[in-house]
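Peer 1: Quick one, fold the following:
(chains A and B)
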Amino acid sequence: NAGVTQTPKFQVLKTGQSMTLQCAQDMNHEYMSWYRQDPGMGLRLIHYSVGAGITDQGEVPNGYNVSRSTTEDFPLRLLSAAPSQTSVYFCASSSGIWAPLHFGNGTRLTVT
Amino acid sequence: DAKTTQPPSMDCAEGRAANLPCNHSTISGNEYVYWYRQIHSQGPQYIIHGLKNNETNEMASLIITEDRKSSTLILPHATLRDTAVYYCIVMEGGAQKLVFGQGTRLTINP
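Peer 2: Prediction:
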């Protein structure tokens, strides 16, 4: 049981490049979400999903796209990377709306 | 904005109980209090949550005041591995909308 797996662990992009951050969970959780964490700050919600085919915006959605075609996977896409998107990105899942979140170990993204 | 207020940092001696306070004076009747911690740069780890009653699990105890305006997380016998940032969070509309504040940086000293 791997829990929540994020890939890659580290990534460096140039401004304007695109990429997809991968997130997979093997716990059959319906709820998945993406957060970003900037230095010295708490986590901020980017997008979330309550099940396959259903996504919604969080606090800071601009510049990011998501889709949920399967229960297991919830990728986060950066269409045109900007230096302001330099951050640590965490994916999380939970079994229900009030259930605790299980987090991955993050993807550290630097945009130059 | 986060709906909780926590001290930015605390120290505790190894083997002692660590008591981390949290103020959530605007909490509504159906909102839960959740505690997570983040060790170094890892993903946050769930600790405990509660609504009205005190709760205990293998990691910690959660004491919620009767008026629900504040709570205390208790780590009964702190170890060096408990050094982390601890986040007190009030649920906003479901698990996918957790609002993280600045948290308390707890340092356990040998």
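Peer 1: got a list of what the residue sitting nearest the centre point of chain A touches?
Peer 2: Note on chain A: the residue nearest the mean C-alpha position is A:W34, at 3.2 Å, using C-alpha atoms, centre = their mean. By C-beta atoms under 8 Å, 6 or more residues apart in numbering or on different chains, A:W34 lies in contact with A:21, A:23, A:45-48, A:58, A:64, A:66, A:74, A:76, A:89-92. Bear in mind the C-beta positions are built from the backbone N, C-alpha and C, glycine included.
Peer 1: show me where pLDDT drops low in chain B?
Peer 2: Residue ranges of chain B with pLDDT under 70: B:1-2, B:92-97.
Peer 1: Give the pairing partners of the host helix or strand of B:V85; include direction for each.
Peer 2: In this assignment (DSSP states H and E), B:V85 forms part of strand B:84-90. Partner strands for strand B:84-90, per DSSP bridges, with pairing direction: strand B:33-38 (antiparallel), strand B:104-109 (antiparallel).
Peer 1: Go through that strand and flag the buried ones.
Peer 2: Across strand B:84-90, burial judged by 16 or more other C-beta atoms under 10 Å in any protein chain shown covers B:A84, B:V85, B:Y86, B:Y87, B:C88, B:I89, B:V90.
Peer 1: Excluding covalently adjacent residues, which one is nearest to A:M32?
Peer 2: Excluding its sequence neighbours, the residue lying closest to A:M32 (C-beta to C-beta, 6 or more residues apart in numbering or on different chains) is A:F74, at 4.0 Å.
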